[in-house]
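[1] Take a look and give me a structure for this.
(3 chains)
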Amino acid sequence: MNPRDSILKKLSSINSLQKTPAARTQDRQIYQDYPEETKDELIARFKKQFLALAGEFFPVSSYEKAGAHIFELLKSVDSTKHLVELNPLCQKIFSACPELEAKFENIENKTLAATDFADYATGLTGADFLVARTGSIVLRTNSAGGRRLSVLPPLHIVVATVAQLVPSLDAALQNRGFREGDWSYGTIITGPSRTSDIEKILVLGAHGPKRLALILLDE
Amino acid sequence: MSNHVNESKTISLFIPCLVDQILPEIGFAMADVLRKLHYDVTYDARQTCCGQPAFNAGHRTEAMSVAKQFLATFSNADCIVSPSGSCSAMVRNYYPVLFAGDEKMMAQVHSVQERTFEFSEFISAENKVERIVGHADVSLSIHNSCHSMRELGIDEQIADILARIEGVKLFVPQVEHTCCGFGGLFSYKMPDIASAMAKSRLEAFTGADLDVLIVNDPGCIQHLRAEAPSAGFKGEILHLVEFLQKAMD
Amino acid sequence: MNTYAKFMREAKSMAGNEIHRAKIKKAITSYEIQVDGMKKQQFQDWNAAREVAAGIKNEVLANLPEMLQEFEEKLTSRGATVLWAENAEQARHYIEEIISRHNARKVVKSKSMTTEEIELNEYLESRGIENWESDLGELIVQLADEKPYHIVTPAMHKSKQEIARLFVEKLGIEYTENAEELTMAARAHLRRAFVTADIGITGANFIIAEEGAIVMTENEGNGRLGMACPKVHIAIAGIEKMLPRLADLSLFLPLLTTSGTGQQLTGYNSIVRGPKSAAEPDGPEEMIVILLDNGRSNIYAQDHFREVLRCIRCGACLNACPVFRSVGGHTYATTYQGPVGSIITPQLRGMAAWQHLAHACSLCGACTEVCPVGIDLHPLLLETRWQADKEHAASKKWQFAIKMWSKIIPSRKVIDTFRPLMKIFLPLAKPFLSANQKKRIPTMAKKSFAQMWENNESTR
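    Sure thing, here's the model as predicted:
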């Protein structure tokens, strides 16, 4: 018998088990810190969590202002090479700030080996959801320009709108649209890369981005 | 499990084997204190051990024969009170495991487990804490045994009882409760680990310059007394009932 | 030396090691403060939450064969391969086949206890494959030529001075005790490995039936890099890592992380549903998930032990365990240390050689109290001891002693006969015992409680 059938046969030989589905709860029933579902509270909570994780938070009210913040962020890094996944939101920001567009190379127009990323200081991506309760950014390969753009460059800038805020993780994971689509990889990002493996001392930027910045647009 | 107690019941002393053979003063102290609280106290010498040493070591066949003897001894008792959280937990929580599937024995187990209590739990459940009156000018702290705490859910009861003794200064250590390292045969099978655990546990108290450490399990007492010198703990290690016996004089 | 003798020797040496005790105490105290704080901050009712989690894991166990097939079907529909390994050898064989098919020279690994279980590092080394552990803690123990000390914090036992000396020797850096500088040295060193590796090997914290996805939780981003750069991604997951639905993560991720490190969520929680899709610019061309049994189905078959398969490997029971704190992770000499390791190791690797671990426990119940999926850990350790007794794998010496004891103890008359003998025998035994044994040989009371009560005597 092949290993697959052999394992399944062993597991299937136990018939005494109750097969009924377990009781499940919504996040609002579990978590003490479940936020109120108003726009202001969602923004406030996300901000609080995100800042506590050493995220850099920029709430803006226009594409121009979003562009200005991105511009400032680029000035703060060593390299002059930056990559973008040119999603509709980025496009609008670039339209509002044409000088910004020239700073970025569009990942869609390039064929980059993993080794090529060493030159790039910044990865600019969109996001699928912002989770207020935990200050997390949820993205999938289709909103993030693949797997590498959001993890290899030392600065990861995310642009998102307040409409993408959800109170808790279950709202994102239960969202029908989230599970659909031809994506192979998604990740829930909660702060910049970190480690405490040396004497429990917190160090940012272990392997992934050392800095994580969010431009949150509220028109 | 909530055990209900009726007024004016006679108490059958449940004397753990360790108390019977090594620390009889704990048994007499408990009897004394219970009498001071106006209980009638009886003792049936057919009891010898609850079977916990064998059960905990994994030898359930042997544990069963000892446990049967225990159940027979206490079949007609009103209230069964023990100075050990661990032995009470054996009867209450692990007899049902030991005799699982044996309906006849399980009937006896259910009947006896309902009437079995650890001392501090019993006094509290009976609302007799307020009857305790005593005096002792000492600084002390509490080591609640793991089985008393986690198996029986005994928590504030010991401090509440001690609060009745005038002059007591209670020290609450900063660190969370940890096991003293007794664990029955564990401390004989793995003596070096048990010693290290005692040392870690006593560290929580050594800085406080205590007169007394109150413990509610004879096993922990025997173990901690043996370890105190090398751990640098200088206070007296007493069972709750030993302390009460003196303080209530 | 057999496993038991080795354990006893190591335990003795570690239990007396004050430097080790101080390091672990420091690490675990900081862990406890964070975990207790996060439980209170985050959960309405921690116990209610873990009951829900236990229920979901029980649903998994009741439907495991069906869920494994659903997982396989969904994942393979997106072009991934699912391989089933009954044991470590099969799993290694699959990996060897993949390596030679791709003519691979360099592997980058993220932290995975399942790969420790199949001794993958030793295997890759023996085949001359360059193999990098990429989690910082794992890298430290790999460079030190050690096994992980703890399933969640592999280098918990290493001080920054020790790590500094190690990095000077192995990575050629300037001596520094600064944790940030040490971390940056590892980052620079491993970044080269990530972008040039042929194969990324990861574990999985969860696998999702409904979604056909594996889920990996981490803080550093090394897992993400390992799944983003090499052209092949191999994930090895125990068959019990299952969750029914993607949305179950909204409970299980915070539960795992709160118990594991005291964080609300770890930095990155990745959901992987296959190799790079046609629409995606990058990602592995090939993704293989190896589902590992390696004895788990034997645990599954036993009603009393099945619940231990609910374990999500958070490490909370290790941190809570006073025996673990005293002897440290390496003393166990197992992949999985502490209480849960002491339950599963005798099941996975043989009762006779490993049952002593179940006896390295004072039954204090601290593990059971902290388990986020409500596993009755200390009762299962008792169950293991009973199984060892039934299978005649228990210590002969103690078995005999208990047998004798059980003949004497139920009868008051027999006890009274033996009492005087014991009083003579116990002190005589002392010269044959170690210091730590000797000091707890009790002094028998002059008379037993029963004798004194009978004579209306008292101890006062």
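
[2] Now chain A against chain B: closest residue?
    Residue of chain A nearest chain B, by C-beta to the nearest C-beta: A:S16 (15.1 Å). For the C-beta atoms, the positions are set from N, CA and C on the backbone; glycine is no exception.

[3] Contacts only, for that residue.
    Going by C-beta atoms under 8 Å, 6 or more residues apart in numbering or on different chains, A:S16 touches C:D303.

[4] what about it, which helix or strand?
    According to DSSP states H and E, A:S16 maps onto no helix or strand at all.

[5] I'd like to check which residues are in contact with the residue nearest the centre of chain A.
    Residue closest to the mean C-alpha point of chain A, counted by C-alpha atoms, centre = their mean, is A:I137 at 3.5 Å. Neighbouring residues of A:I137 by C-beta under 8 Å, 6+ apart: A:A127, A:F129, A:L130, A:V131, A:V158, A:A160, A:I188, A:I189, A:T190, A:L212, A:L214.

[6] re earlier: show the backbone phi and psi for the residue of chain A closest to chain B.
    phi -90, psi 0 (degrees, to the nearest 10).

[7] now swap in C:F206 and tell me
    phi -140, psi 150.

[8] That one contacts C:I214, doesn't it?
    Yes: if you go by C-beta atoms under 8 Å, C:F206 and C:I214 touch, sitting 7.3 Å apart.

[9] what about the two, which has more around it?
    Between C:F206 and C:I214, C:I214 has the larger neighbour count (other C-beta atoms under 10 Å in any protein chain shown), namely 28 against 22.

[10] May I have the strands that pair with the host helix or strand of the more buried one, each with its orientation?
    According to DSSP H and E, C:I214 maps onto strand C:213-218. Strand pairing for strand C:213-218, determined by DSSP bridges: strand C:206-208 (antiparallel), strand C:268-272 (antiparallel).

[11] C-alpha coordinates for it, PDB please?
    Extracted in PDB, the C-alpha atoms of strand C:213-218 (Å, rounded to 0.1, in the frame of the first residue of the first chain):
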ATOM      1  CA  ALA C 213      -3.300  26.300   2.400                       C
ATOM      2  CA  ILE C 214      -0.400  26.200   4.700                       C
ATOM      3  CA  VAL C 215       0.100  28.900   7.300                       C
ATOM      4  CA  MET C 216       3.400  30.000   8.700                       C
ATOM      5  CA  THR C 217       3.800  32.300  11.700                       C
ATOM      6  CA  GLU C 218       7.100  34.100  12.300                       C
END
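
[12] What average pLDDT does that strand get?
    Strand C:213-218 shows a mean pLDDT of 98.

[13] C-terminal to that strand, what's the next element?
    Strand C:213-218 is succeeded, C-terminally, by helix C:222-228 (DSSP H and E).

[14] what's next to that following helix, contact-wise?
    A:114, A:146-148, A:151-152, A:185, A:187, A:206-208, C:108-111, C:134-136, C:190, C:194, C:197, C:200-202, C:216, C:218, C:233, C:268, C:270, C:272, C:282-284.

[15] 6 Å instead, please
    Outside helix C:222-228, the residues within contact range by C-beta atoms under 6 Å, 6 or more residues apart in numbering or on different chains are A:147-148, A:151, A:207, C:108, C:110, C:134-135, C:194, C:200, C:202, C:216, C:233, C:268, C:270.

[16] Is stretch A:110-128 positioned near chain C?
    Yes: applying C-beta under 6 Å from any C-beta of the partner chain, one finds stretch A:110-128 in contact with chain C at A:A114, A:T115.

[17] Tell me the pLDDT of the residue lying closest to B:D40 once chain neighbours are set aside.
    Once flanking residues are discounted, B:D40 sits nearest to B:T10: 4.4 Å by C-beta to C-beta, 6 or more residues apart in numbering or on different chains. Listed pLDDT for B:T10 reads 93.

[18] same question, B:Q174
    87.

[19] would it count as being in a helix?
    No: counting by DSSP: H, G, I helix; E, B strand; the rest coil, B:Q174 falls outside a helix, being coil.

[20] secondary structure element for the residue nearest to it when sequence neighbours are not counted?
    In space, and not counting its chain neighbours, B:Q174 is closest to B:A204: 7.4 Å by C-beta to C-beta, 6+ apart. Per DSSP H and E: B:A204 is located in helix B:191-206.

[21] Now that helix: average pLDDT?
    Mean pLDDT, helix B:191-206: 95.

[22] which helices and strands does the helix or strand following that helix pack with?
    Scanning forward in sequence from helix B:191-206 by DSSP H and E, the next helix or strand is strand B:212-215. Judged by 3 or more C-beta pairs under 6 Å, 6 or more residues apart in numbering or on different chains; DSSP states H and E, strand B:212-215 is in contact with strand B:134-143, strand B:236-239.

[23] May I see those strands arranged in TSV, with mean neighbour count as well?
    TSV is the format used below for these (neighbours: other C-beta atoms under 10 Å in any protein chain shown):
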stretch	mean neighbour count
strand B:134-143	19
strand B:236-239	22
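
[24] Select, out of those strands, the one closest to C:L166.
    Taking C-beta to C-beta, strand B:134-143 is the member of the helices and strands packed on strand B:212-215 nearest to C:L166, at 40.1 Å.

[25] starting at the chain centroid, how far to that closest one?
    Computed by C-alpha atoms, centre = their mean, to the nearest Å, the chain-centroid distance of strand B:134-143 equals 18 Å.

[26] what residues are up against the closest residue to A:L8 other than its chain neighbours?
    Once flanking residues are discounted, A:L8 sits nearest to C:P65: 5.0 Å by C-beta to C-beta, 6+ apart. Residues in contact with C:P65 (C-beta under 6 Å, 6+ apart) are A:L8, A:L11, A:S12.

[27] Quickly find the element holding C:P65.
    Using DSSP H and E, C:P65 falls in helix C:64-77.

[28] what do you get for C:V35?
    Counting by DSSP H and E, C:V35 is part of helix C:18-42.

[29] List the buried residues of that helix.
    C:20-21, C:23-24, C:27-28, C:31-32, C:34-35, C:38-39, C:42 (16 or more other C-beta atoms under 10 Å in any protein chain shown).

[30] Next SSE downstream of it?
    Helix C:18-42 is succeeded, C-terminally, by helix C:46-62 (DSSP H and E).

[31] coming back round to it: tell me the gap between the strand holding C:I214 and the middle of its chain.
    With C-alpha atoms, centre = their mean, you get 18 Å for strand C:213-218.

[32] and if you look at stretch C:35-43?
    23 Å.

[33] Same question for stretch B:209-225.
    On C-alpha atoms, centre = their mean, the centre of stretch B:209-225 falls 11 Å from the chain's centre.

[34] count of neighbours near residue 205?
    Looking at chain A here, since you left the chain open. By other C-beta under 10 Å, 21 other residues sit near A:G205.

[35] should've been chain B
    24.

[36] out of everything not next to it in sequence, what's closest to it?
    B:S141 (5.4 Å).
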